[in-house]
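With the input below, show me the fold.
(4 chains)
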Amino acid sequence: MSYFSDIYKGIKTLLTGMSVTGGYFIRARKGAITQQYPDNRETLKMFDRFRGEVVMPHNADNRHYCTGCQSCEIACPNGSIEIIWDRAVDPTTGKKKKKIDKHIYHLSMCTMCGLCIEACPTDAIVWAPNFENSVYDRSTLTKILNQPGSSVLDGIED
Amino acid sequence: MTDQQLQNKIKTEEYFINMGPQHPAAHGVLRLILTIDGEIIKNVEPDLGYIHRSIEKMCERDSYQQIVHLTDRMDYLSSHINNEAVCLAVEKGLEIEVSDRVKVIRTIIDELTRIASHCLWWGVMGMDLGALTSYFYAFRDREMINDIFEETCGARLTMNYNVPGGLMFDIHPNFVKRTKDFIAQFKTKIPEYNRLLTDNVIFHKRTKGVGILTREDAISFGVSGPTARASGFSSDVRKHHPYSAYDRVDFKEILFTEGDTFARYQVRMMELWESISIIEQLIDNIPEGEIKAATKAVIKLPKGEFYQRVETARGELGVYINSAGNKNPYRVKFRSPGFSNLSVLNHISKDVLIGDLVATMASFDFVIPDIDR
Amino acid sequence: MTNEDLQHIITGLGTDLEFTAEGSEFLNVIVPKEQLHNICSQLKSHPELKFDYAFCITGMDWVPALGVIYHLESTELRHQIVVKVMVDDRENPTLDSVHDIWQTADFHELEIFDFFGIKFNNHPKLRRLFLTPEWEGFPLRKDYVDEANMIIK
Amino acid sequence: MNFTQMIIPLNITKTISDWIYSIMPETAASYTIMVVIAVAYLLLFAVAGLYLVLLERKVAAWFQLRIGPNRVGPWGLLQTMADALKLVSKELTSTIKIDKFLYNLAPYFVIVSAFMAMAVFPFSKQFQAFDINIGVFFLIAISSIGVIGILLAGWSSNNKYALIGAMRSGLQTISYELSVGLSILTMVLLTGTLQLSEIVEAQRTGGWLILQGHIPSVIAFMIFMVAGTAETNRAPFDLVEAESELGAGFHTEYSGMKFAYFFLAEFINMFIISSIAVVLFFGGWLSPFGITENIAWFPEVLWFIIKVVGLIFLMMWFRWTFPRLRVDQLLTLEWKYLLPLNLMNIVLMAIVIWLNWTI
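Numbering: from 1, shown residues only, chains lettered A, B, ... in the order given. Here you go, the predicted model:
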């Protein structure tokens, strides 16, 4: 008799499975979790801490916080940060002071580990929630983070 | 004609078949060279290295902080647990005691990682057996965990949230609420998983008695994690060598004795409940404390050898650090669970059908970067 | 079982065994390479040791010696031990395989052969596991040079 | 065979046929009509096949909490058309060591056998191209020819995965052919005819056959649906393709339009199996309880389509819910469960008819 009870139990479990998928079929409109990505660009917002790419914020006067201490360059495991720096005489104090010429960031080599931002003593670089990083030319992934003509904000010690 | 003559006359020929490196059941780039007689598998020979990145060699040139983010890329489904293993080994070397807050947060995220990993495994297991819908249901729930990770750690998969001495930054204010929401919702979903797949008669037929691994073989082959526990080998590192906050939570080690594919399936399904219970015990009272112990900018481990074992979603991960006293390690070895688990595949896949091999592989839950490192 | 007790038992198993616990949480036993297989099989079968679970097998390059580190645990008695074996010959290093004692050694020895070039006697099928068969050199050795692919900081 | 006696569907086609007869001699006209009907059916079913693919994708999406194709045309209605266009324009690639002749022949075997079955479908009373008195028999015969195409495809591709898939297909079709045949035979016992139109007519008075034969009919229907799903090589019996085991099974080495033939044939076979079920169990074009019987303008073909789509949906539901069987379990299911049950069921049906227990 177990032959027939096997058949009965088998069919019952199959129908149970079908009830799960059937339930979702009926509620298909409400349950859909698809993100229709390029259409929802306006509403799509990343979380604050999202690691998209490293940027260097500048204030309205085109000043930034980077002293050129190279902590980020040392901290980076992949060598994706290069800082070209120079020493310049500070006009107010008259002392020679380190000054960045170019803060080069290779996005193509970055693994988004966040060690550079941890290492930065002046919070000069931060994460930007930009996730659309695809480009047609690889060379555009090498970015210069400090804007042309920018300079370090006064009073940021190195 | 005698039987022997007849058998010689109708003798079949064995042939080779390449399963992978590009194959839907390979879950990546695992290449299995199968020797097959008809549809019956005679030998399984894994060929690895298709995504070997030599993480162990890279570790030898990096500083201790930098090693951590490499381990994200090993078993990417338990990246937080991998990070933690390295950090615990380094903390062992530095003799730092991290605060309770760090321990508890690490444990909660470990368990969330485990749930996320098991979710993915469940979906893929169904998919390998031909029930494609399970994949989407599992990913819907996994998405919530990924959101939690993204909000707190900044990344969904390769989180790199641990640093030697603690955590990179404190949890997000929404973390507790989101986790509770997830737990509440996920509790209603597991019975649904069971109704869809676990109770299904075809699923039973496909998995019961397939790929039986005995306890002795499991120990001898160094199998660990849910795969070993399905064979009755009590291998849970969280129980035997507790780390972080596992010594203060109450949870069961799921043990089965059948050792077949269905037992491995059940162990993981029941571990979901255990993970939920661990999170529930900890989430309401995360103690206050330092988020990061003070470490020097350049960490130098004393001369010696440091070994840390943790339980990832796939099994026991061991981190062996041999330090010569420099700022980078002399030798780092990752004892990855997948590598040892893979070695037993040939042993238990003799004289089974191709479909059985696929089911067995699905229940082992291989992550290929974990095997290749 | 404490490390002292372990040391006491293991001392009786072979000759010229070196013990150290310095800089490590486990008891380290340095075994001469000729005795490796013998000691290992006794470590597994001895009723008070029962090291049946080799949870980690690591290849090692102590310049100039090469070697293997076995992390062992007893699943019944829950004590651990580290066995080390060294071989000085860098050109043609050879050790005994322990895959008949712990079958997990089969794969781990392949990995060690691949990256350190240590050959294992009696191994069922010693082959390149990760690297291609025609690969030259053994990448995890300290003297390995690959100017094209390696970035040295 | 005299094609002038062919049932000419609907009024429009009647006008066309009258017109053709008026402008050419009788023989030429009958051949012309044959060609016209053939082309019309081909077009009809190419489109039907494509929309079944779209239906499958949409249904799968709704089962899986997704939205499904929605980019090409309104609600994605033109998606499969675009896919077909892409496949037509694609270069046909193949490996060097194939058996060229058989490799090229195989897809036509599959698609032609699928199209041939269309000829006898009773879409409605007037809408049937070819009403032969062994209709059911013809359908079974034709629907099992397709497997030869699959076997040829697997053999000629010179690919191990394809060969394994083809061999699986062979044993699967041979086994399940029995159950399909026997369950149909059970119903033929009830009607006493093999002609499709008569089978449908027999249900006008006594109600649908699934009700007329009550228990044995229901069992026969269940067996037919299981065996029919297996016959079309669809999940949970899709061992022939079994993507997680064999890559793509027998059509691994096919690309472009030849692949599309296999793909379309699968959906048309699904249509065939559902149509047989509708005719045998659910009264073909007849409306339930005769609700539209007195409405003259109501196209009866609609009822047929609705019922067929209903059964196709059931098969899709199977596919997106169940795991796949293993190859030996497939045979166990047939020889240990379906076949004995089926034989018992035939006896039961014979007793039911003998004792006049039918409704």
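
Going by C-alpha atoms from here, please, whenever you check contacts or count neighbours.
Fine.

Of all the residues in chain A, which one is nearest chain C?
Here the residue of chain A nearest chain C is A:Gly79; by CA to the nearest CA that distance is 9.2 Å.

List phi and psi for the spatially most central residue of chain C.
Compute the mean C-alpha point of chain C, and by CA atoms, centre = their mean the closest residue is C:Val68, 2.8 Å away. The phi and psi values for C:Val68, taken as degrees, to the nearest 10, are phi -130, psi 140.

who does it bridge with?
Per DSSP bridges, the residues bridged to C:Val68 are C:Gly59, C:Val85.

From chain B, how far out is it?
12 Å (CA to the nearest CA, to the nearest Å).

Could you pull up the residues touching that residue?
For C:Val68, the contacting residues are C:57-60, C:84-86, by CA atoms under 8 Å, 6 or more residues apart in numbering or on different chains.

and which of the residues you listed is nearest to chain D?
Using CA to the nearest CA, the contacts of C:Val68 come closest to chain D at C:Ile57, 33.3 Å.

Check which helix or strand that closest one maps to.
Using DSSP states H and E, C:Ile57 sits within strand C:53-62.

Please parse the chain into its domains.
Since no chain was named, I'll use chain A. Domains of chain A are assigned by automatic domain parsing as A:2-34, A:53-152.

ah, no, chain D please
Using automatic domain parsing, the domain parsing of chain D gives D:1-89, D:98-354.

Name the stretch from the ones you listed that approaches chain A most closely.
Per CA to the nearest CA, nearest to chain A of the domains of chain D: domain D:1-89, 4.3 Å.

so the residue of chain A closest to chain C makes contact with A:Cys72?
No. If you go by CA atoms under 8 Å, A:Gly79 and A:Cys72 don't touch, sitting 9.7 Å apart.

Show me the helices in the stretch 151-300 of chain B, by range?
For the stretch 151-300 of chain B, applying DSSP state H, counting those that start in this stretch gives helices covering B:175-193, B:201-207, B:215-220, B:226-229, B:237-240, B:261-283.

Show me what the fifth one is packed up against.
It stands for helix B:237-240. strand B:304-311 (3 or more CA pairs under 8 Å, 6 or more residues apart in numbering or on different chains; DSSP states H and E).

Compare the domains of chain D and give me the one nearest chain C.
Here domain D:98-354 is closest among the domains of chain D (CA to the nearest CA), at 24.1 Å.

to the chain's geometric centre, what's the distance from that closest one?
5 Å (CA atoms, centre = their mean, to the nearest Å).

and the end-to-end length of that domain?
56 Å (CA to CA, to the nearest Å).

show me the contacts for B:Ile348.
Residues near B:Ile348 by CA under 8 Å, 6+ apart: B:211-213.

What residues of stretch B:267-281 count as buried?
By 16 or more other CA atoms under 10 Å in any protein chain shown, the buried positions in stretch B:267-281 come out as B:267-269, B:271-281.

Report the backbone C-alpha coordinates of stretch C:43-53 in PDB.
This file holds the C-alpha atoms of stretch C:43-53, laid out as PDB (Å, rounded to 0.1, in the frame of the first residue of the first chain):
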ATOM      1  CA  LEU C  43      50.800  10.600  15.900                       C
ATOM      2  CA  LYS C  44      47.600   9.400  14.300                       C
ATOM      3  CA  SER C  45      47.400   5.900  15.800                       C
ATOM      4  CA  HIS C  46      48.800   6.500  19.300                       C
ATOM      5  CA  PRO C  47      45.800   6.100  21.600                       C
ATOM      6  CA  GLU C  48      46.700   9.100  23.700                       C
ATOM      7  CA  LEU C  49      47.400  11.400  20.700                       C
ATOM      8  CA  LYS C  50      44.900  10.500  18.000                       C
ATOM      9  CA  PHE C  51      45.800  13.300  15.700                       C
ATOM     10  CA  ASP C  52      43.300  12.400  13.000                       C
ATOM     11  CA  TYR C  53      42.600  15.900  11.500                       C
END
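
Now do the buried residues in that stretch.
Buried, per 16+ other CA under 10 Å, within stretch C:43-53: C:43-44, C:49-53.

again, but for stretch C:51-62
For stretch C:51-62, the neighbour count (16+ other CA under 10 Å) marks C:51-62 as buried.

And stretch D:348-359, by the same measure?
Applying 16+ other CA under 10 Å to stretch D:348-359 flags D:348-350, D:352, D:358 as buried.

Averaged pLDDT, it. What do you get?
Stretch D:348-359 shows a mean pLDDT of 80.

Off-centre distance for that stretch?
With CA atoms, centre = their mean, you get 29 Å for stretch D:348-359.

quick one: contacts for C:His71?
C:54-57, C:80-83.

What strand or helix carries it?
strand C:65-73.

Identify, out of the domains of chain D, the most deeply packed stretch.
Highest mean neighbour count of those: domain D:98-354, a mean of 21 (counted as mean count of other CA atoms under 10 Å in any protein chain shown).

anything in that domain near chain B?
Yes. Among the residues of domain D:98-354, D:160, D:164, D:235-236, D:242-245, D:247, D:319-327, D:329 lie within reach of chain B under CA under 8 Å from any CA of the partner chain.

Check stretch A:118-126 too.
Yes. Contact of stretch A:118-126 with chain B (CA under 8 Å from any CA) involves A:Glu118.

and that stretch, C-alpha only, in CSV?
Listed next in CSV are the C-alpha coordinates belonging to stretch A:118-126 (Å, rounded to 0.1, in the frame of the first residue of the first chain):
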residue,chain,number,x,y,z
GLU,A,118,41.2,56.0,6.9
ALA,A,119,44.8,57.1,6.7
CYS,A,120,44.2,60.7,5.7
PRO,A,121,44.8,62.9,8.8
THR,A,122,43.0,65.9,7.5
ASP,A,123,40.0,64.3,5.8
ALA,A,124,41.0,65.8,2.5
ILE,A,125,39.7,62.8,0.5
VAL,A,126,36.3,61.3,0.9
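
Give me the contact list for it.
Against stretch A:118-126 from outside (CA under 8 Å, 6+ apart): A:54-57, A:64-67, A:71-72, A:75, A:117, A:156, B:168.

and the stretch 251-359 of chain D, which residues reach chain A?
Proximity of the stretch 251-359 of chain D to chain A is confined to D:317-318, D:320-322 under the rule CA under 8 Å from any CA.

now those residues in TSV, with distance to B:Leu88, secondary structure and pLDDT?
Below are those laid out as TSV (distance: CA to CA, whole Å; DSSP: H, G, I helix; E, B strand; the rest coil; pLDDT from 0 to 100):
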residue	distance to B:Leu88	secondary structure	pLDDT
D:Trp317	49	helix	89
D:Phe318	49	helix	88
D:Trp320	45	coil	88
D:Thr321	44	coil	88
D:Phe322	44	coil	88
